[in-house]
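Quick check, what structure comes out for this input:
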Amino acid sequence: MKVAQKVFLVDDDPAIRASLKFSFELEGFEVVEFADAETIAEHAPSLGGGCLVIDYRLPGMNGLALLALLRMQGVTLPAVVITSNPTRQVRQAVADAKAVLIEKPLLCDALTAAIRSLISSTEMSLPVDLTQ
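Residues are numbered from 1 along each chain as shown. Alright, predicted model coming up:
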(Lines give C-alpha, C1' and ligand atoms only; values in the text may rest on other atoms or scores of the structure.)
Protein backbone atom coordinates (compact mmCIF):
# COMPACT_ATOMS: atom_id res chain seq x y z
CA MET A 1 0.00 0.00 0.00
CA LYS A 2 1.37 3.38 -1.00
CA VAL A 3 1.71 5.99 1.75
CA ALA A 4 -0.05 9.28 0.97
CA GLN A 5 2.27 12.22 0.44
CA LYS A 6 1.68 15.09 2.84
CA VAL A 7 0.73 18.64 2.03
CA PHE A 8 1.11 21.18 4.83
CA LEU A 9 -1.47 23.84 3.98
CA VAL A 10 -1.28 27.30 5.58
CA ASP A 11 -4.17 29.66 4.79
CA ASP A 12 -6.20 31.88 7.10
CA ASP A 13 -9.38 31.59 5.01
CA PRO A 14 -11.38 28.58 6.24
CA ALA A 15 -13.29 28.27 2.95
CA ILE A 16 -10.10 28.16 0.89
CA ARG A 17 -8.52 25.69 3.32
CA ALA A 18 -11.56 23.42 3.10
CA SER A 19 -11.68 23.63 -0.68
CA LEU A 20 -7.97 22.96 -1.12
CA LYS A 21 -8.02 20.16 1.44
CA PHE A 22 -10.90 18.47 -0.40
CA SER A 23 -9.14 18.85 -3.74
CA PHE A 24 -5.80 17.57 -2.44
CA GLU A 25 -7.40 14.59 -0.73
CA LEU A 26 -9.15 13.66 -3.98
CA GLU A 27 -5.69 13.64 -5.55
CA GLY A 28 -4.42 11.25 -2.87
CA PHE A 29 -2.55 13.65 -0.62
CA GLU A 30 -2.74 13.67 3.16
CA VAL A 31 -3.44 17.27 4.21
CA VAL A 32 -2.35 18.91 7.45
CA GLU A 33 -4.02 22.31 7.83
CA PHE A 34 -2.83 25.42 9.64
CA ALA A 35 -4.85 28.63 9.95
CA ASP A 36 -1.88 30.87 10.72
CA ALA A 37 1.89 31.16 10.55
CA GLU A 38 2.43 30.88 14.28
CA THR A 39 0.78 27.47 14.56
CA ILE A 40 2.82 25.83 11.82
CA ALA A 41 5.99 27.45 13.20
CA GLU A 42 5.28 25.76 16.55
CA HIS A 43 5.03 22.40 14.75
CA ALA A 44 8.08 22.92 12.51
CA PRO A 45 10.30 20.27 14.14
CA SER A 46 7.71 17.54 13.55
CA LEU A 47 6.61 18.29 9.98
CA GLY A 48 8.34 15.37 8.25
CA GLY A 49 8.28 14.98 4.48
CA GLY A 50 5.93 16.43 1.92
CA CYS A 51 5.31 19.90 0.54
CA LEU A 52 4.35 23.27 1.99
CA VAL A 53 1.50 25.25 0.43
CA ILE A 54 1.51 28.73 1.96
CA ASP A 55 -0.80 31.64 1.28
CA TYR A 56 1.20 34.83 0.81
CA ARG A 57 -1.32 37.05 2.59
CA LEU A 58 -1.49 35.76 6.15
CA PRO A 59 -2.33 37.79 9.24
CA GLY A 60 0.76 38.71 11.22
CA MET A 61 3.64 37.65 8.98
CA ASN A 62 3.28 37.08 5.26
CA GLY A 63 3.89 33.71 3.63
CA LEU A 64 7.45 34.52 2.59
CA ALA A 65 8.36 35.62 6.12
CA LEU A 66 6.85 32.35 7.35
CA LEU A 67 8.87 30.36 4.82
CA ALA A 68 12.06 32.14 5.94
CA LEU A 69 11.24 31.36 9.58
CA LEU A 70 10.60 27.69 8.77
CA ARG A 71 13.91 27.52 6.88
CA MET A 72 15.69 28.97 9.94
CA GLN A 73 14.02 26.23 12.00
CA GLY A 74 15.49 23.59 9.70
CA VAL A 75 12.44 22.83 7.56
CA THR A 76 13.69 22.02 4.06
CA LEU A 77 10.39 20.95 2.49
CA PRO A 78 9.69 22.25 -1.00
CA ALA A 79 7.23 25.13 -0.97
CA VAL A 80 4.47 26.61 -3.08
CA VAL A 81 3.31 30.15 -2.37
CA ILE A 82 -0.22 30.98 -3.47
CA THR A 83 -1.51 34.52 -3.94
CA SER A 84 -3.58 36.72 -6.19
CA ASN A 85 -2.16 39.59 -8.21
CA PRO A 86 1.50 39.21 -7.17
CA THR A 87 3.73 42.18 -7.77
CA ARG A 88 7.04 41.88 -9.58
CA GLN A 89 8.76 42.15 -6.17
CA VAL A 90 6.70 39.28 -4.73
CA ARG A 91 7.45 37.14 -7.77
CA GLN A 92 11.17 37.81 -7.38
CA ALA A 93 11.07 37.17 -3.61
CA VAL A 94 9.34 33.82 -4.16
CA ALA A 95 11.95 32.86 -6.75
CA ASP A 96 14.75 33.97 -4.40
CA ALA A 97 13.23 31.76 -1.68
CA LYS A 98 13.43 28.84 -4.14
CA ALA A 99 9.67 28.38 -3.93
CA VAL A 100 7.06 28.08 -6.66
CA LEU A 101 4.43 30.79 -7.14
CA ILE A 102 0.91 29.77 -8.14
CA GLU A 103 -1.59 32.55 -8.71
CA LYS A 104 -5.17 32.59 -7.46
CA PRO A 105 -7.69 31.86 -8.70
CA LEU A 106 -6.27 28.36 -8.79
CA LEU A 107 -7.20 27.08 -12.22
CA CYS A 108 -6.91 23.59 -13.64
CA ASP A 109 -4.39 21.42 -11.90
CA ALA A 110 -1.42 23.81 -11.77
CA LEU A 111 -1.18 23.65 -7.97
CA THR A 112 -1.45 19.85 -7.80
CA ALA A 113 1.06 19.46 -10.64
CA ALA A 114 3.52 21.78 -8.87
CA ILE A 115 3.19 19.84 -5.61
CA ARG A 116 3.72 16.48 -7.33
CA SER A 117 6.75 17.83 -9.19
CA LEU A 118 8.31 19.31 -6.06
CA ILE A 119 7.77 16.16 -3.99
CA SER A 120 9.11 13.99 -6.81
CA SER A 121 12.21 16.18 -7.18
CA THR A 122 12.82 16.07 -3.44
CA GLU A 123 12.43 12.29 -3.27
CA MET A 124 14.81 11.84 -6.21
CA SER A 125 17.50 13.91 -4.47
CA LEU A 126 17.39 11.82 -1.29
CA PRO A 127 20.28 9.38 -0.80
CA VAL A 128 19.40 5.83 -1.79
CA ASP A 129 20.18 2.98 0.63
CA LEU A 130 21.32 0.12 -1.57
CA THR A 131 21.93 -2.24 1.37
CA GLN A 132 18.25 -3.08 1.76
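
Ranking helices and strands of the protein by mean pLDDT, which lands last?
Every helix and strand of the chain was ranked by mean pLDDT, DSSP states H and E. The lowest is helix 110-125, at a mean of 82.

Going by neighbour count, list what's buried in it.
The neighbour-count check on helix 110-125 (16 or more other C-beta atoms under 10 Å) flags L111, T112, A114, I115, R116, L118, I119, T122 as buried. All C-beta spots, glycine's among them, are computed from the backbone N, C-alpha and C.

Present the residues you listed as a markdown table; the columns should include distance to V53.
Putting these into a markdown table (distance: C-beta to C-beta, whole Å) gives the following:
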| residue | distance to V53 |
| --- | --- |
| L111 | 7 |
| T112 | 10 |
| A114 | 9 |
| I115 | 7 |
| R116 | 12 |
| L118 | 10 |
| I119 | 11 |
| T122 | 14 |
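
Could you pull out the strands in this structure for me?
Remark: strands assigned in the chain by DSSP state E are 6-10, 30-34, 51-55, 79-83, 100-103.
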